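> After the sequence you'll find the predicted model.
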Amino acid sequence: MNWVLAVALAAAAPAAVDHPKTYLASITGVPIKPGERIEGFSISTWGVTFNAVCQIPFGWTIKAESSATPEGVLEGEASLGTTWLNEANPKPLHDLVLITLYQAVQRRDVGKEGASVYIPSTFKGKARLWADDAERKVPLSYINIRLTPATHCPVAGP
(Lines give C-alpha, C1' and ligand atoms only; values in the text may rest on other atoms or scores of the structure.)
Protein backbone atom coordinates (compact mmCIF):
# COMPACT_ATOMS: atom_id res chain seq x y z
CA MET A 1 0.00 0.00 0.00
CA ASN A 2 2.92 2.37 0.66
CA TRP A 3 4.05 2.07 -2.95
CA VAL A 4 0.60 3.24 -4.12
CA LEU A 5 0.93 6.32 -1.90
CA ALA A 6 4.44 7.01 -3.25
CA VAL A 7 3.26 6.73 -6.87
CA ALA A 8 0.27 8.99 -6.17
CA LEU A 9 2.48 11.62 -4.52
CA ALA A 10 4.97 11.50 -7.39
CA ALA A 11 2.17 11.95 -9.93
CA ALA A 12 0.78 14.95 -8.04
CA ALA A 13 4.16 16.70 -7.65
CA PRO A 14 5.02 19.46 -10.15
CA ALA A 15 7.16 18.40 -13.08
CA ALA A 16 10.76 19.57 -13.19
CA VAL A 17 11.19 22.86 -15.03
CA ASP A 18 13.61 22.98 -17.94
CA HIS A 19 16.67 25.14 -17.49
CA PRO A 20 16.41 28.59 -19.03
CA LYS A 21 17.68 28.66 -22.61
CA THR A 22 19.06 31.58 -24.61
CA TYR A 23 18.29 32.24 -28.25
CA LEU A 24 18.82 34.76 -30.98
CA ALA A 25 15.35 35.89 -32.05
CA SER A 26 14.61 36.96 -35.62
CA ILE A 27 11.41 38.33 -37.12
CA THR A 28 10.48 36.35 -40.23
CA GLY A 29 7.54 35.48 -42.44
CA VAL A 30 5.80 38.85 -42.24
CA PRO A 31 2.76 38.51 -44.54
CA ILE A 32 3.42 41.43 -46.88
CA LYS A 33 1.86 41.87 -50.29
CA PRO A 34 3.66 43.14 -53.40
CA GLY A 35 4.34 46.85 -53.06
CA GLU A 36 4.04 46.87 -49.26
CA ARG A 37 6.86 47.70 -46.87
CA ILE A 38 7.32 47.10 -43.15
CA GLU A 39 7.36 50.40 -41.27
CA GLY A 40 7.25 48.98 -37.74
CA PHE A 41 6.21 46.22 -35.38
CA SER A 42 5.20 45.67 -31.77
CA ILE A 43 5.32 42.25 -30.10
CA SER A 44 4.11 41.58 -26.56
CA THR A 45 6.02 38.80 -24.84
CA TRP A 46 5.38 36.50 -21.89
CA GLY A 47 8.12 34.58 -20.08
CA VAL A 48 10.89 36.21 -22.11
CA THR A 49 13.88 38.15 -20.78
CA PHE A 50 15.68 40.43 -23.21
CA ASN A 51 19.43 40.13 -22.69
CA ALA A 52 20.64 42.35 -25.54
CA VAL A 53 19.59 44.11 -28.70
CA CYS A 54 22.10 42.58 -31.12
CA GLN A 55 21.61 44.96 -33.99
CA ILE A 56 19.65 48.05 -34.89
CA PRO A 57 18.72 48.24 -38.57
CA PHE A 58 19.83 51.44 -40.30
CA GLY A 59 17.24 54.17 -39.73
CA TRP A 60 15.29 52.15 -37.14
CA THR A 61 14.58 52.47 -33.42
CA ILE A 62 14.46 49.16 -31.53
CA LYS A 63 13.09 48.88 -28.00
CA ALA A 64 13.22 45.69 -25.91
CA GLU A 65 11.67 45.88 -22.45
CA SER A 66 11.24 43.24 -19.76
CA SER A 67 9.09 43.75 -16.69
CA ALA A 68 9.35 42.52 -13.10
CA THR A 69 6.43 40.32 -14.17
CA PRO A 70 6.73 37.80 -17.04
CA GLU A 71 5.51 40.52 -19.46
CA GLY A 72 7.67 42.35 -21.97
CA VAL A 73 7.62 44.07 -25.33
CA LEU A 74 9.79 44.21 -28.44
CA GLU A 75 9.14 47.17 -30.72
CA GLY A 76 10.75 48.55 -33.83
CA GLU A 77 10.02 51.55 -36.00
CA ALA A 78 11.62 52.90 -39.15
CA SER A 79 12.36 56.61 -39.15
CA LEU A 80 11.76 57.33 -42.86
CA GLY A 81 10.04 55.65 -45.77
CA THR A 82 13.45 54.98 -47.30
CA THR A 83 14.32 52.69 -44.34
CA TRP A 84 11.11 50.64 -44.50
CA LEU A 85 11.72 46.97 -45.31
CA ASN A 86 10.13 45.42 -48.41
CA GLU A 87 10.45 41.67 -47.87
CA ALA A 88 8.78 39.04 -45.69
CA ASN A 89 12.09 37.86 -44.20
CA PRO A 90 14.13 41.07 -44.00
CA LYS A 91 17.79 40.42 -43.19
CA PRO A 92 17.99 43.52 -40.92
CA LEU A 93 15.51 41.79 -38.55
CA HIS A 94 17.53 38.54 -38.36
CA ASP A 95 19.34 37.85 -35.05
CA LEU A 96 17.76 41.03 -33.72
CA VAL A 97 17.76 40.28 -29.99
CA LEU A 98 19.30 37.81 -27.55
CA ILE A 99 16.61 36.42 -25.25
CA THR A 100 16.18 33.90 -22.47
CA LEU A 101 13.13 31.65 -22.38
CA TYR A 102 12.22 29.97 -19.11
CA GLN A 103 9.72 27.51 -20.57
CA ALA A 104 8.59 26.19 -23.92
CA VAL A 105 6.98 28.68 -26.30
CA GLN A 106 3.29 29.09 -25.45
CA ARG A 107 1.72 29.15 -28.92
CA ARG A 108 -1.71 30.45 -27.97
CA ASP A 109 -3.41 32.20 -25.07
CA VAL A 110 -4.74 29.84 -22.41
CA GLY A 111 -8.03 31.09 -21.02
CA LYS A 112 -9.43 34.57 -21.49
CA GLU A 113 -7.82 37.81 -20.33
CA GLY A 114 -9.23 38.72 -16.92
CA ALA A 115 -10.23 35.11 -16.13
CA SER A 116 -8.86 33.31 -13.07
CA VAL A 117 -6.68 31.18 -15.37
CA TYR A 118 -5.03 33.19 -18.13
CA ILE A 119 -1.62 32.59 -19.66
CA PRO A 120 -0.85 34.73 -22.71
CA SER A 121 1.06 33.37 -25.66
CA THR A 122 4.83 33.90 -25.61
CA PHE A 123 4.83 36.18 -28.67
CA LYS A 124 1.84 38.18 -29.90
CA GLY A 125 1.76 41.44 -31.82
CA LYS A 126 1.34 43.31 -35.06
CA ALA A 127 3.44 44.59 -37.94
CA ARG A 128 2.57 47.90 -39.57
CA LEU A 129 2.78 47.79 -43.35
CA TRP A 130 2.52 50.67 -45.79
CA ALA A 131 1.57 50.82 -49.48
CA ASP A 132 -0.21 53.30 -51.71
CA ASP A 133 -0.61 55.90 -48.93
CA ALA A 134 -2.43 53.43 -46.68
CA GLU A 135 -1.36 51.58 -43.55
CA ARG A 136 -2.31 47.96 -42.89
CA LYS A 137 -1.69 45.99 -39.69
CA VAL A 138 -1.05 42.26 -39.76
CA PRO A 139 -0.82 39.89 -36.79
CA LEU A 140 2.50 38.44 -35.63
CA SER A 141 2.83 35.36 -33.42
CA TYR A 142 5.28 32.61 -32.52
CA ILE A 143 5.20 31.65 -36.21
CA ASN A 144 6.99 34.91 -37.05
CA ILE A 145 9.75 34.49 -34.46
CA ARG A 146 12.67 32.29 -35.44
CA LEU A 147 14.69 31.15 -32.42
CA THR A 148 18.29 30.04 -32.88
CA PRO A 149 20.15 28.66 -29.83
CA ALA A 150 22.95 31.09 -28.87
CA THR A 151 24.86 32.40 -25.89
CA HIS A 152 25.74 35.83 -27.27
CA CYS A 153 25.03 38.24 -30.12
CA PRO A 154 26.85 37.55 -33.39
CA VAL A 155 30.02 39.51 -34.01
CA ALA A 156 29.40 42.29 -36.49
CA GLY A 157 31.24 41.98 -39.79
CA PRO A 158 33.51 44.64 -41.31
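Structure received.
> Which parts of this structure are strands?
Under the criterion DSSP state E, the chain contains strands at 21-27, 37-46, 48-53, 60-66, 71-78, 97-101, 123-131, 134-141, 145-149.
> possible to save the ones you listed as TSV with distance to residue 108 and mean pLDDT?
Glycine gets a C-beta too; all of them are placed from N, C-alpha and C. Converted to TSV, the strands of the chain look like this (distance: least, Cβ to Cβ, whole Å; pLDDT from 0 to 100):
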stretch	distance to residue 108	mean pLDDT
strand 21-27	19	97
strand 37-46	11	96
strand 48-53	16	96
strand 60-66	22	95
strand 71-78	17	96
strand 97-101	16	97
strand 123-131	9	96
strand 134-141	8	95
strand 145-149	14	97
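> Compare those strands and report which one is nearest to residue 86.
strand 37-46 (4.6 Å; Cβ to Cβ).
> JSON lines please, covering the strands of the chain and showing mean neighbour count.
Putting these into JSON lines (neighbours: other Cβ atoms under 10 Å) gives the following:
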{"stretch": "strand 21-27", "mean neighbour count": "21"}
{"stretch": "strand 37-46", "mean neighbour count": "21"}
{"stretch": "strand 48-53", "mean neighbour count": "18"}
{"stretch": "strand 60-66", "mean neighbour count": "16"}
{"stretch": "strand 71-78", "mean neighbour count": "19"}
{"stretch": "strand 97-101", "mean neighbour count": "20"}
{"stretch": "strand 123-131", "mean neighbour count": "20"}
{"stretch": "strand 134-141", "mean neighbour count": "14"}
{"stretch": "strand 145-149", "mean neighbour count": "16"}
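> nearest to residue 87, of those?
The minimum distance between residue 87 and the strands of the chain falls on strand 37-46, with 8.3 Å, by Cβ to Cβ.
> Tell me what angle the closest one forms with strand 60-66.
10 degrees (axes from the mean of the first three to the mean of the last three Cα atoms, to 10 degrees).
> what packs against strand 37-46?
Using 3 or more Cβ pairs under 8 Å, 6 or more residues apart in numbering; DSSP states H and E as the contact criterion, the elements in contact with strand 37-46 are strand 71-78, strand 123-131, strand 134-141.
> if we can go back for a sec, take the strands of the chain and write them to CSV, including distance to residue 113.
Written out in CSV, the entries for the strands of the chain read as follows (distance: least, Cβ to Cβ, whole Å):
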stretch, distance to residue 113
strand 21-27, 24
strand 37-46, 11
strand 48-53, 18
strand 60-66, 20
strand 71-78, 12
strand 97-101, 22
strand 123-131, 11
strand 134-141, 16
strand 145-149, 21
